[in-house]
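Visitor: With the sequence up front, the predicted model follows.
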Amino acid sequence: MGNPNNPYWPKPKLDLKKEIKLYESQFAKLKNQLADVDFTVDQLVSSPDQIDKLESKLADVDGILVIHMTMLTGPILDRILKLQKPTAVFARPYSGHQWTRFGYLREQQAGKKMTCFLTSDYSQLAAAIRPFRGIHHLREAKILNLAERSFDEYAQQIKEKFGTEHKIITLKRLVDTYNSIDDKIAQQVTEQWIKNAVSVVEPSAEDVFKSCKLGLALQKLIDQENAIAITVDCYGTMYDPKKRTIKLPAYPCVGFSMLNNAGFGGICESDIQSALTHILYQGLVGKPGFINDPTMDESQNSIIMAHCTAATKMDGLDKPAAPYKLRDVMEREEGVVMHVKMNIGQKVTNARFIGTDVMRYFTGTIIGTPYIDRGCRTKINVKIDGDAAKLWNNWAGGLHRVTCYGDLTKELQQFCRFKDIELINEAT
């Protein structure tokens with residue numbers, strides 16, 4: 001976005017072609033972070049009329065990245081904002097004085113979907129894309145749900161809000177898929193998981209085999225349905241209270257870890273809201289979520305996030321796996337789960353969609369990985385950025401939260417602004 005006849009800032013004889021080449025070189029440096037991004041429109045815009053001609057090309061985009069290069073471009077930005085598309089404006093120092101209106105514009109209806117990056121750090125060009133990727137991942141996502149109860153109302157809500165599809169999978173189909181898995185392949189996977197474990201504590205080799213075979217079945221269902229995530233009503237309609245065991249051939253926890261390590265989603269307890277949060281994390285930063293049951297410790301201003309399933313690649317798919325042990329499900333004393341040792345000192349974000357119009361979150365730092373016989377197997381003790389008492393007083397929207405490595409506050413703020421979602425910091 002630049003005015004070729006601009007006589008003022010950033011300088012009277014600015015060469016816009018050179019400016020564009022400078023940005024092209026920066027995008028080239030960021031190519032690995034933008035490998036999945038298609039720029040439908042990539043051109044210099046010098047008048048509002050040009051936006052009129054581009055409107056049809058912009059109709060289906062997930063977002064618009066505007067690079068502000070000179071003064072006298074305010075009317076162009078005003079016209080872009082009228083499209084009501086998520087819009088990120090990148091303006092390095094000396095681009096012009098339009099930034100003085102950005103705050104005002106964001107308060108107007110046309111600017112409600114506008115966010116700004118006023119910085120000399122060109123890596124933020126990639127950061128500006130992250131919320132668009134989150135929007136796209138949710139829009140293209142399909143969640144499978146192994147359950148025998150209805151989710152129709154919420155499924156309709158998420159379809160309307162995000163474009164996300166939801167499909168019920170029957171127990172019979174899951175069992176049939178499990179039986180179709182080649183035992184030789186399942187045995188190879190089993191041996192690999194046992195070999196890479198620090199130790200196998202309670203489960204037998206047969207237990208691990210069944211869990212790995214089920215994991216392959218879950219992967220096959222995802223592949224057949226072109227889905228991104230699967231969740232199981234493991235403590236609801238998929239649990240037999242009389243027999244006090246799961247109806248499936250095995251607990252799905254190891255399979256969930258396998259999926260999460262591969263860039264998909266394995267989600268506990270038919271928790272669709274946590275599934276959406278997990279998918280959003282994948283879109284924003286390419287890292288999996290750790291769905292958990294928290295418990296408070298005010299003496300350390302901390303919260304312990306615990307669950308019996310976790311990815312070993314919380315750092316990302318291209319990073320080394322964390323150490324893990326193979327354990328049983330703590331409260332059931334059967335099945336197989338991953339007991340993962342996460343990174344002490346790691347900054348984390350904990351969040352969850354509440355319905356479709358609210359997201360609750362807080363951040364903190366892992367200060368411990370308790371190894372005690374209380375609570376679910378994988379545990380992280382998180383020092384809260386904020387106040388523990390405020391956190392538990394403000395807590396709402398169910399027990400689960402989804403933990404992701406990194407401070408994603410800015411990414412969540414931008415995404416929620418774009419999708420008209422109220423973002424609530426629970427610890428302040």
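Guide: That came through fine.
Visitor: who are the neighbours in contact with the closest residue to Gly2 other than its chain neighbours?
Guide: Nearest residue to Gly2 in three dimensions, chain neighbours excluded: Met69, at 3.7 Å (CB to CB, 6 or more residues apart in numbering). Backbone N, C-alpha and C define where each C-beta goes, glycine included. Each residue near Met69 by CB atoms under 8 Å, 6 or more residues apart in numbering is listed here: Met1, Gly2, Pro10, Leu14, Leu16, Glu19, Ser95, Gly96.
Visitor: quick one: pLDDT of the fourth one?
Guide: Which is Leu14. Per-residue pLDDT puts Leu14 at 90.
Visitor: all strands for the stretch 251-400 of the chain, in order.
Guide: 265-267, 290-297, 302-307, 324-329, 334-340, 347-354, 358-368, 378-384 (DSSP state E, counting those that start in this stretch).
Visitor: which residues of the stretch 1-150 of the chain score low on pLDDT?
Guide: Low-confidence segments of the stretch 1-150 of the chain, defined by pLDDT under 70: 7.
Visitor: Now do the domain split for this protein, please.
Guide: As recorded under automatic domain parsing, the domains making up the chain are 16-128, 141-425.
Visitor: I'd like to know which of these lies nearest to Ile135.
Guide: Evaluated over the domains of the chain, closeness to Ile135 peaks at domain 16-128, with 4.8 Å, by CB to CB.
Visitor: for the domains of the chain, which one ends up most surrounded?
Guide: domain 141-425 (a mean of 19; mean count of other CB atoms under 10 Å).
Visitor: Just tell me which of the strands of the stretch 251-400 of the chain ends up closest to Leu399.
Guide: Nearest of these (CB to CB): strand 290-297, 5.6 Å.
Visitor: Give me the angle between that closest one and strand 302-307.
Guide: 140 degrees (axes from the mean of the first three to the mean of the last three CA atoms, to 10 degrees).
Visitor: Tell me the strands beside strand 290-297, with direction?
Guide: If you go by DSSP bridges, strand 290-297 pairs up with strand 302-307 (antiparallel), strand 401-405 (antiparallel).
Visitor: now for the domains of the chain, which one comes closest to Gly134?
Guide: Among the domains of the chain, the nearest to Gly134 by CB to CB is domain 141-425 (3.7 Å).
Visitor: what's the first-to-last distance across that closest one?
Guide: In domain 141-425, first residue to last residue: 26 Å (CA to CA, to the nearest Å).
Visitor: Just name whatever secondary elements the longest helix seen in the chain is in contact with.
Guide: Identified as the longest helix of the chain according to DSSP state H is helix 205-225. Using 3 or more CB pairs under 8 Å, 6 or more residues apart in numbering; DSSP states H and E, the elements in contact with helix 205-225 are strand 142-146, helix 171-180, helix 183-196, strand 229-232, helix 253-261, strand 334-340.
Visitor: For that helix, C-alpha coordinates in PDB please.
Guide: Output of helix 205-225 as PDB, limited to C-alpha atoms (Å, rounded to 0.1, in the frame of the first residue of the first chain):
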ATOM      1  CA  ALA A 205       3.000 -56.300  26.200                       C
ATOM      2  CA  GLU A 206      -0.500 -57.400  25.100                       C
ATOM      3  CA  ASP A 207      -2.000 -54.200  26.500                       C
ATOM      4  CA  VAL A 208       0.400 -52.100  24.600                       C
ATOM      5  CA  PHE A 209      -0.200 -54.000  21.400                       C
ATOM      6  CA  LYS A 210      -4.000 -53.500  21.700                       C
ATOM      7  CA  SER A 211      -3.500 -49.800  22.400                       C
ATOM      8  CA  CYS A 212      -1.200 -49.300  19.400                       C
ATOM      9  CA  LYS A 213      -3.500 -51.300  17.100                       C
ATOM     10  CA  LEU A 214      -6.400 -49.100  18.200                       C
ATOM     11  CA  GLY A 215      -4.200 -46.100  17.500                       C
ATOM     12  CA  LEU A 216      -3.700 -47.300  13.900                       C
ATOM     13  CA  ALA A 217      -7.500 -47.800  13.700                       C
ATOM     14  CA  LEU A 218      -8.000 -44.200  14.800                       C
ATOM     15  CA  GLN A 219      -5.500 -43.000  12.200                       C
ATOM     16  CA  LYS A 220      -7.300 -45.100   9.500                       C
ATOM     17  CA  LEU A 221     -10.700 -43.500  10.400                       C
ATOM     18  CA  ILE A 222      -9.100 -40.000  10.200                       C
ATOM     19  CA  ASP A 223      -7.700 -40.900   6.800                       C
ATOM     20  CA  GLN A 224     -11.000 -42.300   5.500                       C
ATOM     21  CA  GLU A 225     -13.000 -39.300   6.500                       C
END
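Visitor: ok, Gln157 - contacts?
Guide: Neighbour list for Gln157: Gly355, Thr356 [criterion: CB under 8 Å, 6+ apart].
Visitor: Bridged to the closest residue to Asp385 other than its chain neighbours, which residues?
Guide: Excluding its sequence neighbours, the residue lying closest to Asp385 (CB to CB, 6+ apart) is Thr363, at 4.5 Å. Judged by DSSP bridges, the bridge partners of Thr363 are Thr349.
Visitor: how near is Thr363 to Cys404?
Guide: Thr363 sits at a distance of 10 Å from Cys404 (criterion: CB to CB, to the nearest Å).
Visitor: Give me the common contacts of these two.
Guide: Common neighbours of Thr363 and Cys404, counting by CB under 8 Å, 6+ apart, are Val348, Thr349, Asn350.
Visitor: related to what we said a few turns ago, quick one, which of the helices and strands packed on helix 205-225 is nearest to Ala59?
Guide: Once the helices and strands packed on helix 205-225 are compared by CB to CB, strand 142-146 is nearest, at 23.1 Å.
Visitor: Which other helices and strands does that closest one contact?
Guide: Packing partners of strand 142-146 (3+ CB pairs under 8 Å, 6+ apart): strand 165-169, helix 205-225, strand 229-232, helix 272-285.
Visitor: Nearest to Phe117 among the strands of the stretch 251-400 of the chain would be which one?
Guide: Per CB to CB, nearest to Phe117 of the strands of the stretch 251-400 of the chain: strand 347-354, 19.6 Å.
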